[in-house]
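>>> Sequence first, then the predicted structure:
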Amino acid sequence: MKSTHRQAAAAAGILALSLMGAPAFAQPRLPSGQDPPQRGGQPKQDTPYILIATFRSDDRKLGVETADEVRKRVSSEHSAQELFVVIKRNINATLEASGYRPDSALNQQDLMELSKQLHGEYVLDGKVSKSASGIRLEPRLMLRTGQNTFVQPLPNIDGKDAGDVAKLTERALSDALKGMGPYKTCVNDLRAQKYDAAIKDAQLGIQTYPNSSLSRLCLLNALTLQKAPADSIINVANAVIAIDPSSMIALSNLADAYIAKGDTVKAIETNLRIYRADPSNQAVAQSIVQQLATSGAPDKALPIIDSLLIQNPGDPQMLRTKWLLQLRANQFKQALATGEEIVKLDTSFATVDYFNRSIGAAQRDSNVAAVQKLASQAGQKFPKDVSFPILLAQTYYKAGQLQQALQSARRATEIDPKNPSAWQFILAVQSQMNQPDSMLASAQKAIAAGVPKDSLGASLLAVAAPALRKAQESKARADWEEALKAAQTVDAVVPSAQTKFYVGVAAFSIGNDAVTNVQKLIKGSPSKDDKAKACAEVKVAEDNFAIAQINMPPGGAYDKATAGQIMAGLGQYTEFVNSVKTALKCK
C-alpha cells in the first residue's frame with residue numbers, strides 16, 4: 001500500500017527509533033487511570049509479547065474501540081507470564097514519538113516495526129466494520145521469522161458489539177497460539193536442515209491447531225527443500241491457500257510445482273492470482289511476468305490478460321503486463337502497438353527503459369523504420385541522452401544511409417564531445433564514403449575535444465572488431481583480409497600498440513594460410529599450373545609476413561606473449577617461403 005508523505009515520515013520516525021535505540025518496556029509501570037494491569041505480575045524473560053494496536057476501519061472510532069476491547073480481553077484471559085499484552089500507553093507513546101496519532105491504524109510493515117520497538121513477538125491485526133448483526137472483525141495473527149513477516153489468518157468474528165467480538169477473538173487467538181510451539185520447532189529444524197523432523201513438527205502443529213497456515217507453510221518449505229514430488233507440494237500449497245488466499249509463498253510454490261509438473265495452464269492461472277493480489281507492486285509484477293515467460297507459454301497468458309482488460313479497459317498496469325508478455329512471447333509487432341497505446345494513455349510510461357525495450361523489439365522484428373522513429377522520439381524527449389543519437393547513427397549506417405548516420409553521430413558529439421562511440425561512427429561512415437582525409441580530420445577534432453588517443457584508438461578498433469572476430473571463428477582468408485583492411489584503416493588514423501598488434505595478427509594469419517596452400521600445391525609432383533599457383537601464394541605470404549614483421553614488434557607492447565610467438569613463427573615461415581621460391585624459381 002502506498003503511504004502518504006506524512007505516513008512515510010512517520011515510518012521513518014519508527015525506523016529512526018530502531019536505529020537510535022527505543023526505550024525498553026520490559027518492566028512496564030502503568031499509572032492510575034490506564035488499562036488495568038495484567039494478572040500474574042511482570043512477564044518473564046522468555047514470555048512472548050503481543051501487540052494489539054488500532055484496527056483498520058473506515059470508522060476510526062470503531063477501529064480504536066474494538067482494538068481496546070480485544071486488548072483488554074486478551075489481557076484478562078492470559079497471565080502476564082504466559083503472554084504479555086503490550087499496554088496501550090506504551091503503544092501511544094511510541095506512535096507519538098514517531099510522528100503518528102495514537103489512534104493510527106498502521107500498515108503491516110509499520111505494525112511490525114512498532115512491534116519490534118515494543119518487544120512484540122506477535123501482532124494481532126484486523127479490519128473491523130459494521131454489519132447487519134452488529135460488528136464484523138477480520139483478524140489475523142502476524143509474527144516475524146528472520147527478516148520475513150508471516151500471517152496466520154483467524155476466523156472472521158461476528159458479534160453484536162465490541163465486547164462480544166473481543167470475547168470470540170480471544171478464543172480464536174488462544175486456539176491459534178496452541179500451534180505456535182510446534183511451528184517454531186519446525187522452523188528451527190528447517191534452519192538446521194533436519195527436514196524429516198520439520199515435517200513431523202509441522203504435522204504436530206496442524207494436529208494441535210487444524211487451521212494453522214503457518215505449520216502448513218513450514219511443511220511446504222520442508223517438502224520443497226527435500227525436492228518432494230510436485231503433487232505433494234501442490235496439495236500442501238493449496239491447503240495453505242485455502243486458509244490464506246494471499247500467501248505469496250504458497251502461491252509461488254504452487255506455480256513452480258505446476259511448472260515442474262508440466263501443467264502450464266494452471267501455472268499461468270496461479271501466476272495471475274499472484275499478480276492480481278498486488279498489482280501495484282512493480283517488483284512483483286515484473287517477477288510474475290518473468291515466471292510466465294520462462295514457463296514456456298507466455299502466449300497462453302495473453303488471452304487471459306485480454307479478458308482482464310475487458311473488465312478494466314485502459315488499465316495502464318494491465319497493459320504493461322500485456323506488453324511485457326508480448327515481448328517475452330516474441331510478438332514484436334503486437335508489443336510495439338501495445339506500447340504506443342500505453343504511451344497515449346500515460347505519457348510518463350515513455351521512459352528510457354520503454355524506448356530501449358521497444359527499440360529492441362523493432363530491431364528483432366527487422367523494422368528499421370520503427371527503430372529510427374523510436375530512437376528519434378527518444379532523442380527528442382531525452383536530448384541529453386547520447387545513446388539515442390548513437391543508435392540512430394548505427395541504424396542509418398547499417399541501412400546504408402550514410403549522410404543521416406553522419407548527422408546523428410555529429411549530434412552525439414555535440415551532447416558528449418568526449419564520447420568515443422560517437423566519433424567511432426563518424427570515422428566508420430567516412431571510411432565507407434572513402435574519405436581518408438576527413439577521417440584524419442575527425443580524429444584530430446576528437447583528440448582536441450579531449451578524447452585520449454588510446455581511447456580513440458580502442459574505439460576505432462571497435463569498427464574492426466566484428467571483422468576480427470569473424471576471421472578468428474571462420475579461419476577464412478577472405479575474412480582475415482577484411483580484418484587486415486579494417487585494422488590498417490584504424491592504424492592509419494590513430495596508430496597505437498594495439499592497432500599495430502591487430503595489423504600484425506591479421507597479416508600473419510593471411511601469410512600462414514598462404515603457406516598452407518603452398519604446401520598442398522607442391523606436394524607430390526606438382527603440375528605447371530600448381531607451381532604457378534604456388535608462386536602466387538608465395539608472393540602473398542611474403543607481402544603479409546613483411547607487414548607482420550614491421551607491425552608486430554611495436555604491437556608487442558599490447559600483447560608481448562603472442563607477439564613473441566608470431567615473431568618466432570615468422571622466422572621459420574620466411575625460411576620455408578624462401579626455399580620454395582628458390583625451388584620453384586618464382587619471380
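Cool, the structure landed. This structure is a prediction, so every number in the text was calculated from the model and none was measured. Numbering: from 1, shown residues only.
>>> what bridges to I157?
Beta-bridge partners recorded for I157 (DSSP bridges): L137.
>>> Tell me, how many residues neighbour it?
Neighbours of I157 under the rule other CB atoms under 10 Å: 23. For the C-beta atoms, the positions are set from N, CA and C on the backbone; glycine is no exception.
>>> repeat for R469
R469: 12 neighbours (other CB under 10 Å).
>>> And Q565, its phi and psi?
Dihedral pair for Q565: phi -60, psi -40, per degrees, to the nearest 10.
>>> Spit out the contact partners of the closest residue to L168 other than its chain neighbours.
Once flanking residues are discounted, L168 sits nearest to I157: 4.7 Å by CB to CB, 6 or more residues apart in numbering. The neighbours of I157, taking CB atoms under 8 Å, 6 or more residues apart in numbering as the test, are R136, L137, E138, P139, V165, L168, T169, A172.
>>> do the same with D244
D244 is in contact with V151, Q152, P153, S213, A250, counting by CB under 8 Å, 6+ apart.
>>> go on, L95?
A53, R101, P102, S104, L114.
>>> Check the secondary structure at the second one for me.
Okay, so that is R101. Secondary structure for R101, judged by DSSP: H, G, I helix; E, B strand; the rest coil, is coil.
>>> Just give the number of residues close to it.
13.
>>> ok, now how distant is it from S129?
21 Å (CB to CB, to the nearest Å).
>>> Next: the first one.
Taking CB to CB as the measure, A53 falls 17 Å from S129.
>>> Settle it for me: which of the two has more neighbours?
Neighbours were counted for A53 and for S129 using other CB under 10 Å; A53 has more, 31 against 16.
>>> For that one, give me its contacts.
Applying CB under 8 Å, 6+ apart, the residues near A53 are A67, I91, L95, A105, L106, L111, L114, V123, D125.
>>> Pull up the per-residue confidence for it.
The model reports A53 with a pLDDT of 94.
>>> Pop out the phi and psi values for it.
phi -100, psi -180.
>>> Also R56?
Torsion angles, degrees, to the nearest 10, at R56: phi -70, psi 140.
>>> give me the beta-bridge partners of it?
Beta bridges link R56 to K127, judged by DSSP bridges.
>>> What's the separation between it and G40?
For R56, the distance to G40 - CB to CB - is 30 Å.
>>> in the longest helix belonging to the chain, what's buried?
In the chain, taking DSSP state H as the definition, the longest helix is helix 528-555. Within helix 528-555, the residues that count as buried by 16 or more other CB atoms under 10 Å are 530-531, 533-535, 537-538, 540-542, 544-545, 547-549, 551-552, 554-555.
>>> Got the domain ranges for the protein?
When the chain is parsed with automatic domain parsing, its domains come out as 7-16+44-178, 476-584.
>>> For V165, list the residues it contacts.
By CB under 8 Å, 6+ apart, the neighbours of V165 are T66, E69, V70, V128, G134, I135, L137, I157, D158, G159.
>>> Remind me which helix or strand the first one belongs to.
Spelled out, it's T66. Secondary structure assignment for T66, by DSSP states H and E: helix 60-77.
>>> Following element in sequence after that helix, please.
Downstream of helix 60-77 (by DSSP H and E), the next one is strand 84-85.
>>> quick revisit: so which of the contacts of I157 wins on neighbours?
Going by other CB under 10 Å, L137 tops these with 28 neighbours.
>>> Surely R144 is in a strand?
Yes - counting by three-state DSSP, one finds R144 located in a strand.
>>> coming back round to it: filter the contacts of V165 down to the buried ones.
T66, E69, V70, V128, I135, L137, I157, G159.
>>> hmm, back to that, out of the contacts of I157, which is nearest to I268?
Ranked by distance to I268 (CB to CB), those are led by E138 at 29.5 Å.
>>> hang on, that closest one packs against S131?
No - in this structure, E138 is not within contact of S131 by CB atoms under 8 Å, at 10.9 Å.
>>> where does the chain have low pLDDT?
For the chain, applying pLDDT under 70 flags the ranges 1-35, 279-297, 311, 436, 440, 455, 457-464.
>>> thinking again about what came up before, who has more neighbours out of R56 and G40?
Neighbours were counted for R56 and for G40 using other CB under 10 Å; R56 has more, 18 against 15.
>>> Please tell me how far the more buried one sits from S75.
R56 is 21 Å from S75, by CB to CB.
>>> burial of D161, as a residue count?
For D161, the neighbour count with other CB under 10 Å is 12.
>>> ok, now which ones touch it?
Counting by CB under 8 Å, 6+ apart, D161 touches G134, I135.
>>> hmm, back to that, out of the contacts of V165, who's nearest Q45?
The closest of the contacts of V165 to Q45 turns out to be V70 (CB to CB; 26.0 Å).
>>> if I look at the closest one, how far off is N211?
Per CB to CB, V70 is found 19 Å from N211.
>>> Also L272?
Distance from L272 to N211, counting by CB to CB: 27 Å.
>>> what's the answer for S115, then?
22 Å.
>>> Could you check which of the two is surrounded by more residues?
Neighbours were counted for S115 and for N211 using other CB under 10 Å; S115 has more, 25 against 17.
>>> shouldn't that one be in contact with L51?
Yes - with contact defined as CB under 8 Å, S115 and L51 form a contacting pair (4.4 Å).
>>> Give the residues shared as contacts by the two.
With CB under 8 Å, 6+ apart, S115 and L51 have common neighbours V86, Y122, V123.
>>> I'd like to know which of those residues is nearest to D231.
Y122 (33.7 Å).
>>> Contact partners for the closest one?
P48, Y49, I50, L51, S115, L141, M142, L143, L177.
>>> Let's have those residues in TSV, adding secondary structure and distance to G571.
Converted to TSV, those look like this (DSSP: H, G, I helix; E, B strand; the rest coil; distance: CB to CB, whole Å):
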residue	secondary structure	distance to G571
P48	coil	84
Y49	strand	84
I50	strand	86
L51	strand	84
S115	helix	80
L141	strand	83
M142	strand	79
L143	strand	78
L177	helix	87
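>>> Just the buried ones among those residues, please.
For those, buried by 16+ other CB under 10 Å: P48, Y49, I50, L51, S115, L141, M142, L143, L177.
>>> Could you export the residues you listed to a markdown table, including columns for distance to L484?
Shown next, in a markdown table, are these (distance: CB to CB, whole Å):
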| residue | distance to L484 |
| --- | --- |
| P48 | 77 |
| Y49 | 77 |
| I50 | 78 |
| L51 | 75 |
| S115 | 71 |
| L141 | 74 |
| M142 | 70 |
| L143 | 70 |
| L177 | 80 |
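>>> Pick out the most distant pair among those residues.
Every pair of these checked by CB to CB; the farthest is S115 and L177, at 15.6 Å.
>>> hang on, the earlier thing: can you tell me which of the contacts of Y122 is nearest Q401?
Among these, and counting by CB to CB, the member closest to Q401 is M142, at 61.8 Å.
>>> Do I have it right that that closest one meets V123?
Yes - counting by CB under 8 Å, M142 touches V123, with 4.3 Å between them.
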